[in-house]
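K.L.:
need a 3D model of the sequence below.
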Amino acid sequence: MLRACVRSASHLRRYATAESPIVVAKPPLGPARMNARSELDAQILNQLSERPSTSRINLESLVLQYMERGGHVLQTALPYESRPGRHRKVSLTSAAEDGVTMIAHCVQDGESYKITLSSGFALQGSGKHEAESVVVTCAHTLEEIRRSPLLRHSQLTPIVDSSSDSETRLSGSFVISGSREGTEFHPVSEVLSALHRSDLVLFRKSGPALKTMPVSPYPVHPNAVIRAHFVVDEEPDEPGWVPWIGGTWSKWVRGKVVGYRDFAGREAKPGTYDALSHLMFEPPPTPGSSGGPIIDEESGAVVGVILGTRQDLGIQGLRGWGVPAEAIFEMFQLPGLDLKQ
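P.N.:
Predicted structure coming up:
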C-alpha cells in the first residue's frame, strides 16, 4: 500500500514558502521534485500508518485548536535572551546540532495523500514537563493542508478521540529532528497558541526534549548581519551546505536585514512607536525554509522567523519576508507576571 501511495500521481507537494501579501503569507506551488522528496514522503507515511491512533492527534483536531487558540497567552514566560551566554548562543555549525527541526503535516486517504513541510525550532522554559518541547513555526502550511479536499469533507467538526472518520484516512503532524543517531519523528500533541496575522503557531510535542534556541525580544537595526536557516532538496554546487533531514540539505546563509513593515505594508523603524509587524531581509529564502530562525550574527540569538519571499514596492528585486522574534513573546506571559488560573 505504501509503495503505491508514493508512486501515486494524485498527491501534491507543497513547499513552505510565501508570495507577497501584506499580512499573512500564502505558499505557492513549489518546483516539481517528487524524486528528491519521495524517500522523505515514504518515511512520513510510514510513521503515520505504523503509529496507533491513540499515540497521535489527527489534523482535524489540530486545526480546531489552531482556530480556537488564536491569541491565547500561555501561563509561562519565555526568557529574554538578547545577549545569550556562550553555551546558549546558536553555533551556526549545522542545523542538527543547533536545534532546527522540520514540521510535517500529512493526510492520507487510500492512495491519495498530501504532505506540507516547514522548518521550526524549540523554545526554552515553555513546557509543562521535562520530557516535552514547544516548537514555533509558520502557520501557512497548516492553513494550506486544512483546505485540502482530503480533510474538507470532515467539515472540521469536534472530535472526541484521535480515530479517523474514514477507515482508510489517516492524518497527523510530526516534529522531525536530525541527530547523529538518525532521524527522529515525534507526533505533535497539541496546538498551544497561534498568531494568525503574524503567521506563527506554537506546537507541543511529547518525547525527548529538543535543544532550544535563545530568543531576543529586541529588533535588530537595518543592515544588521544575520544568518538564516535555508533548506534545499538537492546539494548545491556552492560550499557550506550539509546533509539534513530526509535527504535535504541545509545551510546558515549570511545576509542582512533590509527593513521593517507594519501590517498595512508601510515602512516601520525600530526605536519608534511604529509597529514592527514584519521584517525584510536578503538573500531571499529557499522553498522549505519557512518557519526557520533568523539569527543575529553578533549576539547569536533568534531575532526573526522566516515566512517566505516578497516583491516589495520601492525595493528592487525579491526580498526575504519574516516576522520579528518579538512577536513570539506575545504568546507568553510577561516575565514576573503571575497570571491567575
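
K.L.:
Leu334 versus Ser55, what's the distance?
P.N.:
35 Å (CB to CB, to the nearest Å). Any C-beta I mention is one placed from the backbone N, CA and C, and that applies to glycine too.

K.L.:
Ile295 too?
P.N.:
Going from Ile295 to Leu334 by CB to CB gives 24 Å.

K.L.:
okay, these two: which has more neighbours?
P.N.:
Ile295 (27 against 11; other CB atoms under 10 Å).

K.L.:
for that one, give me phi and psi.
P.N.:
Per-residue torsions, Ile295: phi -110, psi 130 (degrees, to the nearest 10).

K.L.:
does it have beta-bridge partners, and which?
P.N.:
According to DSSP bridges, the partner residues bridging Ile295 are Arg227, Val302.

K.L.:
does it touch Ile226 like I think?
P.N.:
Yes: counting by CB atoms under 8 Å, Ile295 does reach Ile226; the two are 6.2 Å apart.

K.L.:
quick check: neighbours shared by those two?
P.N.:
Among the neighbours of Ile295, those also in contact with Ile226 (CB atoms under 8 Å, 6 or more residues apart in numbering) are Val303.

K.L.:
low-confidence ranges in this protein?
P.N.:
Low-confidence segments of the chain (pLDDT under 70): 1-37, 96, 125-131, 152-168, 179-181, 312-316, 336-341.

K.L.:
which residues in it form helices?
P.N.:
Assigned by DSSP state H, the chain shows helices spanning 2-7, 34-50, 59-68, 95-98, 140-146, 149-152.

K.L.:
which of these sits closest to Ser193?
P.N.:
Ser193 sits nearest to helix 59-68 of all these, at 9.3 Å, using CB to CB.

K.L.:
and the closest one, how far from the chain's centre?
P.N.:
Relative to its chain's centre, helix 59-68 lies at 16 Å (CA atoms, centre = their mean, to the nearest Å).

K.L.:
could I get the contacting residues of the residue most central in space within the chain?
P.N.:
In the chain, the residue lying closest to the centroid (CA atoms, centre = their mean) is Thr137, at 2.6 Å. Listed by CB under 8 Å, 6+ apart, the contact set of Thr137 reads Ile103, Ser118, Ser119, Gly120, Phe121, Leu200, Val201, Phe203, Ser290, Gly291, Val305.

K.L.:
kindly recompute the last result at 6 Å.
P.N.:
Applying CB atoms under 6 Å, 6 or more residues apart in numbering to Thr137 gives the contacts Ile103, Ser118, Gly120, Gly291.
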